[in-house]
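**Q** Below are the sequence and a predicted model; questions follow.
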Amino acid sequence: MSKTIDEEIEEIEQKLGQQSLFRSEDISLLHFYIPSEIGHLTIRKLGQLGVIQFNDLNRDINAFQRTYVDDIRKLQTIYNNIQYLKKQIVAEDITVKDLDNVNDLPLMSKNDIDELAKKISDLREKLDNMYESRKNLRSQLLLLIEEKYVITESNYFFEEIDSRNVDLEDENKNKVIHNNLNLNELTNKSGSSSSDNANKSSSLNSDGKLNKENNPENNLDNSDGEVMNRSNLKYIAGVIPRKTMPVFERILWRILRGNLCMNHSEIEEPLQDPETDQKIEKNVFIIFAHGDAMIQKIKRISELMGANLYDLDVDQEVRRENSLKIFSKIEEIHKVHQATNNSIINDLRVISNDIETWQAAIAEEINVYEIMNMLNVNVNNRFMIGEGWCPSQKLRDIRDTFKEVHKISNTETEPIFEIVPTNREPPTHQLTNKVTQCFQNIVDAYGVAKYKEVNPGIFTIITFPFLFAVMFGDSGHGILMALAAFVMIYYEKLLLSKKNLNEIFAMAFTGRYVILLMGIFSIYTGLIYNDFFSKTFVYPLSRFKMVDKNTQSSEEGMKNVEGLLRDKDPNYRPYSFGIDPAWIDSENSLIFLNSYKMKLSIILGVIHMLCGVLVNLCNHIYYKEYYLIICKFVPEFLMLGSVFGYLCFTIMYKWCYNWFKPDAIGQPPSLLNMLIYLFMSPGSIKEDELLYHGQDKVQIVLLLIFVITIPWLLLAKPLVLRSRAKKREKELKATDEEKENNTNRDSIVNVAPDVFIPENEPAKFSMADTLINQAVHAIEFTLNCISNTASYLRLWALSLAHSQLSHVLYNMLLDTLAFNIDINPVVNGVIIFALFAVWFTLTIFIMLIMEGLSAFLHALRLHWVEFNGKFYAGSGYKYYPFSFERVWKYERRKNVAN
């Protein structure tokens, strides 16, 4: 007897364990059977629920040949009109009312959509007409304003000519022409200010010299020396963009061979271009020349250069009357323009309250029809058949949604779904929150976890900021970083409400919890390193006694000192926490810290990689691949532990052993030499390099283990897979024979077309491919044991670099300069304050931002390559459910980007 859907859901819920970040959420494959008449309503309700990732059952059909493509085109037209209206609202600086909840939008019928489409279309048409009217008004206004400036500026020039009534001989003797332009001046000067009426005029011949014959200021006649009447000259007046003025002058000089007189001045206020709404700086010009042919040439050149030409009367009274008329027209057009602009703003302000609701509603409808295009309606026109992935703990919600749809629609047939077992890989859905999301993004940037694979994100929450802090170990810098993150978290709601955050700041804000943990861990490692802005915390508690030998050190400003441990004190204890502060300012501090941090990096790296190998054991157990425990996990663990795990043991043993006691085994040996001789001369250890008794036998055993694991890792897995493949072939052959014997050839079977995505067929086994793949893996893992361990030395290198750079900044700016100034109290205070500001600024930009980014990237590499490479396949794909909330978030991001 088959189970009901409620019984199946209850059974699945009983099997569900505690969902966490350790593994992805349980996902079930569902098949949907939805009556066609309520298909739209059902898909819309599922979009509000937002838990189903639909599979495309029409993947072989072109997107333009699907059932609902016409509806999507119609909705897309409406959506484009809404986007246009919203763009105009934003352009007019009108506040748009935000949408509170996208799931509360009412259900829209086709009539509602048609009415909304007509309303939006009418609004756009009305606005387009008003925009066109406003544009025409602005064009007329621009022409009138330009003409006003042409008349005003030309008045100065004509008044200057009329005022000249001096004797010709005296003028020829005494006149000084101030504005004689040559070729070089044309390239460097384009005009003078109209405010002081310093207008330029030029008249040049083809030789580049002043042409007095055509100069209206001279007005000479060559034959008898009488004054020429200015009515013999032709002139053109207009306005041209200021940036093209030098080119305009040069072209006129070239084409007319210098036979012209040109006067121009700047318009002080920029004029608004009605086409682009941009402010453009322009110049007024007036050009005098002889002959109609020359005037026509000048007109054509002016039009090509974008100049607007205006008629200008010589009579001053006529110009005055025209000026009054222009002022009157400008005032009238300005009033009409203001009324049109107010009407546009009022209409946009009315629709600004509903524009986001319309946009969300149409975006939802488009997505509903896109999902309906993924369903199959060709097999049976009465039903829509669909397929999708859903989190197993949300199955009851889907059942309740289908019941709600049936109740609302009052139809005879209820939409149903069935839970289908499958061998296809489901999508990966990690349960995250605002704290863990950024850490999960770090992992997903490397690769999305395979379904139910152990998620590295849960380990990254601790290991990532810790390894960062090992490289960034300074409590002072950690406090500043943690404070910056705390401020972003404190104003989290305010910053989330802002839509136009700076791109770089938005990236930092997304990782605010990562930055907070990195700062906290840096404080911790800074305490261990005893490092606070390159200085120590509590120097008086040192366990060393420093004795001055009164000899100069090799380094300037430092003395050779000898540290004496308090061995003779019966109450002596080691320094309680971290590094003894005496090491920080000692001459050999770099030698000591160099060795300490290098060995610490090796220990942390090997532990980190061994944890990755152990995580792989969890994957083998979960997927029931027990043969991989013997064929892969054991040899990998032994290979890594036999050499580099042993190296970590010797480092800690060397630290803990008292090499100065009377019965000590000898002098502390070099561990680097020990590791080399482990491979080069196994079992042979010099007396002065002995670490512990029985060391030679232990190292021979470890070397044998390392050598054995190489062929073990290479051959074990292919041989097991070959055996399993042969067994599977026999089982399949027996099954096929049984089916053939039981087949009734006379029976007629009605086979319905299979509309669902087929199951994955088992891959055909190839011994050659398996051997090649395993050989690559064995070689890669063996070499990575060495290279990855060496890669963790970046912890040591960046930690030392950070510490030394901080030390240099402090010593150069504060210790050497600020604290040694002795002029007078006021000057000392000012200089100390200035140097402190410089030091603090460099600390922020160099030590926190640049060094922090460097340490972040190195920590990222250690997690992606060294840690994840030991167990993480990263071959999955993300779970993207059909959700109206996701649709609206995407629309908002798109609006901000535009």
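**A** Yep, it's here.
**Q** Any chance you could list what contacts the helix or strand hosting residue 807?
**A** Following DSSP states H and E, one finds residue 807 within helix 794-809. Identification of contacts with helix 794-809 by C-beta atoms under 8 Å, 6 or more residues apart in numbering yields 467, 470-474, 477, 529, 531, 533-534, 590, 593-594, 597-598, 600-601, 604-605, 839, 842-843, 846-847, 851, 854-855, 858, 861-862. To be clear about C-beta, it is placed using only N, CA and C from the backbone, and glycine gets the same treatment.
**Q** Show me which positions of stretch 850-862 end up buried.
**A** Residues of stretch 850-862 classed as buried: 851, 852, 854, 855, 856, 858, 859, 860, 862 (neighbour count, 16 or more other C-beta atoms under 10 Å).
**Q** What lies in contact with it?
**A** Stretch 850-862 is contacted from outside by 442, 464, 467-468, 471-472, 477, 481, 518, 605, 608, 791-792, 794-795, 798, 801-802, 805, using C-beta under 8 Å, 6+ apart.
**Q** what ranges do the strands span in the chain?
**A** If DSSP state E is used as the criterion, the strands of the chain fall at 27-35, 53-55, 200-203, 234-241, 261-266, 271-272, 279-280, 282-289, 308-310, 383-391, 416-420, 544-552, 559-565.
**Q** With distance to residue 636 added, can I get these in TSV?
**A** Output for the strands of the chain, formatted as TSV (distance: least, C-beta to C-beta, whole Å):
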stretch	distance to residue 636
strand 27-35	30
strand 53-55	35
strand 200-203	85
strand 234-241	73
strand 261-266	79
strand 271-272	72
strand 279-280	69
strand 282-289	77
strand 308-310	81
strand 383-391	33
strand 416-420	37
strand 544-552	44
strand 559-565	43
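**Q** closest to residue 655 out of the ones you listed?
**A** strand 559-565 (15.2 Å; C-beta to C-beta).
**Q** lowest-pLDDT helix or strand in this structure?
**A** Using mean pLDDT, DSSP states H and E, helix 183-188 stands out as the lowest-scoring helix or strand of the chain, at a mean of 32.
**Q** now the helices: where do they sit in the stretch 501-650 of the chain?
**A** In the stretch 501-650 of the chain, helices defined by DSSP state H, counting those that start in this stretch lie at 503-510, 512-529, 589-622, 626-628, 634-640, 646-656, listed in chain order.
**Q** As a markdown table, those helices with mean pLDDT would be great.
**A** Shown next, in a markdown table, are these (pLDDT from 0 to 100):
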| stretch | mean pLDDT |
| --- | --- |
| helix 503-510 | 89 |
| helix 512-529 | 95 |
| helix 589-622 | 93 |
| helix 626-628 | 93 |
| helix 634-640 | 95 |
| helix 646-656 | 92 |
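**Q** what sits against residue 56?
**A** With C-beta under 8 Å, 6+ apart, residue 56 has these contacts: residue 374.
**Q** With residue 48 as the reference, measure out to it.
**A** 21 Å (C-beta to C-beta, to the nearest Å).
**Q** One more: residue 319?
**A** For residue 319, the distance to residue 48 - C-beta to C-beta - is 72 Å.
**Q** now residue 521
**A** 42 Å.
**Q** what about these two, which has more around it?
**A** The neighbour count for residue 521 versus residue 48, taken as other C-beta atoms under 10 Å, is higher for residue 521 (23 against 16).
**Q** hang on, the more buried one packs against residue 463?
**A** No: under the criterion of C-beta atoms under 8 Å, residue 521 is not in contact with residue 463, lying 10.1 Å apart.
**Q** Assess the claim that residue 261 and residue 287 are in contact.
**A** Yes: judged on C-beta under 8 Å, residue 261 makes contact with residue 287 at a distance of 7.1 Å.
**Q** So for these two, which sits in the more crowded spot?
**A** Between residue 261 and residue 287, counted using other C-beta under 10 Å, the more crowded position is residue 287 (25 against 20).
**Q** In this model residue 298 seems to touch the more buried one, though I could be wrong.
**A** Yes: the pair residue 287 / residue 298 is scored as a contact, 5.7 Å apart, by C-beta under 8 Å.
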